[in-house]
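Visitor: Return a 3D structure for these sequence lines:
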Amino acid sequence: MNRTLLALVLLFGCSQPDSFGGMTLSSPAFANNEHIPKQYTCDGANISPPLVIGGVPSAAKSLTLVVTDPDAPGGAFTHWKAINIGPNLTMITEGGHPGQEQTNGFGKVGYGGPCPPSGEHHYVFTLTALDGNGKSVAQAKLTGTYKR
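Guide: Residues are numbered from 1 along each chain as shown. Alright, predicted model coming up:
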């Protein structure tokens, strides 16, 4: 998406596409828009699922990963945030700790799995590639669902 079009989209309140820049994010544990297995939730081992990263652009100097629940009662809830992930990383292993993990919405550093109070929630894994100036050069999303 060129800069002018992106500026217009943001100006008029529309969201940018789920993915751009050719980067991909997937998991061998669940497919996009499918159910997240219990072991990756507060009802199981509460460990992070394995993630596979592809197509990171050569301009990327670092990656960030943020997992949010947009269906949370109080608004988007952060389950995991990691910054300064090396751009050559192609897989985050199950239970892995990429980059510098930050405090999540539970007040703990690292991954906090899905734990919806009621109903089915969506969990959006967003991987962003940043250039040396901190500008986003690519983004990929993977969404999973969970219902207790």
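
Visitor: From now on I want contacts and neighbour counts done on CA atoms only, so please keep to that.
Guide: Noted.

Visitor: give me the number of residues near the nearest residue to Gly113 once chain neighbours are set aside?
Guide: Take Gly113 and drop its neighbours on the chain: the residue closest to it by C-alpha to C-alpha, 6 or more residues apart in numbering is Thr41, 4.2 Å away. As a burial measure, Thr41 scores 21 neighbours (other C-alpha atoms under 10 Å).

Visitor: which ones are touching Thr41?
Guide: Shown in contact with Thr41 (C-alpha atoms under 8 Å, 6 or more residues apart in numbering): 47, 112-115.

Visitor: The residue nearest to His97 when sequence neighbours are not counted: neighbouring residues, count only.
Guide: Using C-alpha to C-alpha, 6+ apart and skipping residues adjacent in sequence, the residue nearest His97 is Gly110, 7.3 Å away. The local packing of Gly110 (other C-alpha under 10 Å) involves 22 other residues.

Visitor: Would you confirm that Gly110 contacts Gly96?
Guide: No: at 9.6 Å, Gly110 does not count as touching Gly96 under the criterion of C-alpha atoms under 8 Å.

Visitor: any idea how far Val67 is from the nearest residue to Gly119 once chain neighbours are set aside?
Guide: Nearest residue to Gly119, sequence neighbours excluded (C-alpha to C-alpha, 6+ apart): Lys147, at 5.7 Å. With distances taken as C-alpha to C-alpha, to the nearest Å, Lys147 is found 17 Å from Val67.
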